[in-house]
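**Student:** Requesting a structural model of the entry that follows:
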Amino acid sequence: MATSESSLTIEQVPPDDVAQAEEFLTEFLSLQYPDLDLTQGRVLRDILIRPAAIFHALNREDFDRLRRSMSLLEISKDPALADENMVNGVLSNLMISRDPGAKSSGQITIILSSLATTTVPAGTVFSAGGLNYLTDLTYIGVTQVDSVMNEQQKIITARTDGTYSFTVPVAAESEGTAYSTRRGTRFTVDPAILGMIDAVAAGDFSGGRNAETNADLVEKAKLGISAKVLSGRTQIEALIRERFPNVTAVSITGFGDPEMIRDRHNIFGMSAGGKADLWVRAQYLPITRTIEMEAVLVDAESRIWQIAVGRDAFPGFYAISFVLPQGSAENQDSLELVAETRGLDLSAINGDFVPDVETIAEGGYSRYQTSVIRFKDPGTDVTGMTENVTVRTYQVGIYGLPGIAEMQHLVSDRSMRNPQADYLVKAPVPAMCAINLTVQYRANDQPPSVDAIKNAVAETVNGIGYDVGKIPAGRIFDSVHNVAGPDVLVVSPIDMFCQIRRPDGTTIVSRSRDVIEAPNEPELGVTSRTTAFFTDPAMVDVAVEKMDVLPV
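**Tutor:** Take a look at the predicted model:
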């Protein structure tokens, strides 16, 4: 019968099904050939009927799985048992195709002890946290600008610590969100690069997506059959996901929702409708972009500088991660941020409709958000400098979700926008989480992989949607057992810490051993409908211990 990779093996056939098939075949043959001796222990029963019963049961189960794989209803009941090729065929009728996933990519800085031409061969493996990243081409670090003939030649530059460096692009070994390595992560390299003293991530890696499972496809079914228009919630989500494949979640608040405060701009303070806020998780994790920006000296005595972050620097950004002098190392500590003031720039953009926004609480994390930051640079020699005139260039790390500006352009475009509506795209309210836990294993077992546990916990937290709005400790326990096995113990209680940054820039800190929940502050734009939980493996601390028990 079936020979697909998803077919059962003989060992997987339920014994009760085999016994039932054996009884059926025995009764059938006895009626046709009464003189045959088909009792237990006889040759015909053991050599003929029992093997035939096994294959009969196997084929029946394969036929049943095939039948279920052809029904959307049956697939939704048990996605794991359905044949992937059949599911692809069924859902193609709804104009849905399986996303094979995507590989994360980024830049790695090669740090050298001296200024010398350096080669990084194609296929060089950079490893961190048990994950591998590879170069697809051969790259050469060169010492002269004249030697740069194409993108494979990279100019080597001097660093402030007396070393030299150049960057090379790499891509993850496999598809998946687990490869979202963060800026400053250190790598081992194989084969070794002559003269290299370190290799670090020059920025956050991004673009990784998991391949879709049957359950994911079933969840997308309603989006496939929906019109991709700015209408109902399902239709809007279908449009956003079709145009932006990295989007992982969409929540829409509008008329009648307590989070919708923009439609109360009237003398009565009553909801008038016609407006919707789209809280879009544009990708798996936020990233930090490093941008060179000019700062102006505002207080020479205190060495205070000021930078105006315009709406186009990183539309809808969450926070300023760091401010560093030019040429600083990737893992250097940031200069001290002393103040930040959020604002709005609501001037028209390329003729697009501008949503009705009055306050930063309404427009925070949208593409219209701006900011002015002040920081202290105590190492600056301000001799001869003039306040509010002297400028210097700094490296500014800006943390957020990409794609907000592009989505806003889509929903504001005259040809797309419902003529009776006002749509504002915003990144979800970020709930940045850290998880601390202890795992114990039996004395005779191998210790579990810490990296695997960290990745599993991070994927669980990042996979919690708007419809859940909380991190129960039970989900963390389950994620550990899924990768480390049922015999591993997670010591209770665990420690969960979360910092939530409201759209107006103020923060809430939550800590619990049982559950972290999104607060209910609709007037500030913060509820489970608007909040997304984020963490990465570096924010998951796992202690592994051997069980202290007496031998049995």
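**Student:** helices and strands around the helix or strand of the chain with the lowest mean pLDDT, which ones?
**Tutor:** Ranked by mean pLDDT, DSSP states H and E, the weakest helix or strand in the chain is helix 72-77, scoring a mean of 72. Contacts defined by 3 or more CB pairs under 8 Å, 6 or more residues apart in numbering; DSSP states H and E place helix 72-77 against helix 50-69, helix 84-92, helix 214-224. In short, each C-beta sits where N, CA and C put it, glycine included.
**Student:** What residues does Val480 make contact with?
**Tutor:** By CB atoms under 8 Å, 6 or more residues apart in numbering, Val480 lies in contact with Leu437, Val439, Ile453, Ala456, Val457, Val488, Val490.
**Student:** hmm, try it at 10 Å
**Tutor:** 437, 439, 448, 452-454, 456-457, 460, 488-490, 494, 542 (CB atoms under 10 Å, 6 or more residues apart in numbering).
**Student:** okay, those residues in a markdown table with pLDDT next?
**Tutor:** Formatted as a markdown table, the contacts of Val480 follow (pLDDT from 0 to 100):
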| residue | pLDDT |
| --- | --- |
| Leu437 | 96 |
| Val439 | 96 |
| Pro448 | 94 |
| Ala452 | 92 |
| Ile453 | 95 |
| Lys454 | 94 |
| Ala456 | 94 |
| Val457 | 96 |
| Thr460 | 95 |
| Val488 | 92 |
| Leu489 | 92 |
| Val490 | 93 |
| Ile494 | 95 |
| Val542 | 96 |
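**Student:** out of those residues, which are inside helices?
**Tutor:** Filtering these for membership in helices, criterion DSSP state H, returns Ala452, Ile453, Lys454, Ala456, Val457, Thr460.
**Student:** Which of the residues you listed sits closest to Ala421?
**Tutor:** Nearest to Ala421 among these is Thr460, at 35.9 Å by CB to CB.
**Student:** nearest residue to that closest one other than its sequence neighbours?
**Tutor:** Spatially, and ignoring its direct neighbours in sequence, Thr460 is nearest to Ser479 (4.0 Å; CB to CB, 6 or more residues apart in numbering).
**Student:** Please work out how many residues are found near the one you found.
**Tutor:** The local packing of Ser479 (other CB atoms under 10 Å) involves 21 other residues.
**Student:** one step back: could the ones in helices among the contacts of Val480 go into a markdown table alongside distance to Leu66?
**Tutor:** Below are the ones in helices among the contacts of Val480 laid out as a markdown table (distance: CB to CB, whole Å):
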| residue | distance to Leu66 |
| --- | --- |
| Ala452 | 34 |
| Ile453 | 37 |
| Lys454 | 39 |
| Ala456 | 32 |
| Val457 | 37 |
| Thr460 | 33 |
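**Student:** re earlier: my read is the residue nearest to Thr460 is in a helix, agree?
**Tutor:** Yes: counting by DSSP: H, G, I helix; E, B strand; the rest coil, Ser479 falls inside a helix.
**Student:** From Ile500, how far out is it?
**Tutor:** To Ile500, Ser479 is 22 Å away according to CB to CB, to the nearest Å.
**Student:** Could you do Asp352 as well?
**Tutor:** 30 Å.
**Student:** between these two, which one's more packed in?
**Tutor:** Neighbour count, other CB under 10 Å: between Asp352 and Ile500, Ile500 has more, with 21 against 16.
**Student:** Return the list of strands paired to the helix or strand hosting the more buried one, each annotated with direction.
**Tutor:** Element membership of Ile500 [criterion: DSSP states H and E] is strand 489-501. With DSSP bridges as the test, strand 489-501 is paired with strand 429-441 (antiparallel), strand 507-512 (antiparallel).
**Student:** ok now the last one, how far from the chain's centre?
**Tutor:** Taking CA atoms, centre = their mean, to the nearest Å, one finds the center of strand 507-512 at 22 Å from the center of the full chain.
**Student:** Centre of the chain to the helix or strand following that strand, how far?
**Tutor:** Counting by DSSP H and E, the element after strand 507-512 in chain order, helix or strand, is strand 515-517. Here strand 515-517 shows a centroid-to-chain-centroid distance of 20 Å under the convention CA atoms, centre = their mean.
**Student:** packing partners for strand 515-517?
**Tutor:** Judged by 3 or more CB pairs under 10 Å, 6 or more residues apart in numbering; DSSP states H and E, strand 515-517 is in contact with strand 429-441, strand 470-472, helix 473-484, strand 489-501.
**Student:** which stretch among those comes nearest Thr234?
**Tutor:** strand 429-441 (22.6 Å).
**Student:** ok so, going back, would you mind giving the orientation angle of the strand holding Ile500 with respect to helix 473-484?
**Tutor:** Strand 489-501 and helix 473-484 meet at an angle of 120 degrees, taking axes from the mean of the first three to the mean of the last three CA atoms, to 10 degrees as the criterion.
**Student:** Can you list the residue ranges for helices in the stretch 151-300 of the chain?
**Tutor:** For the stretch 151-300 of the chain, the helices defined by DSSP state H, counting those that start in this stretch cover 214-224, 233-243.
**Student:** comparing those, which gets the lowest mean pLDDT score?
**Tutor:** Of all these, the minimum mean pLDDT falls on helix 214-224 (a mean of 78).
**Student:** Can you lay out the helices and strands packed on helix 72-77 as a markdown table showing distance to Gln40?
**Tutor:** Output for the helices and strands packed on helix 72-77, formatted as a markdown table (distance: least, CB to CB, whole Å):
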| stretch | distance to Gln40 |
| --- | --- |
| helix 50-69 | 10 |
| helix 84-92 | 39 |
| helix 214-224 | 41 |
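**Student:** quick one: which of these is nearest Ala276?
**Tutor:** helix 214-224 (17.6 Å).
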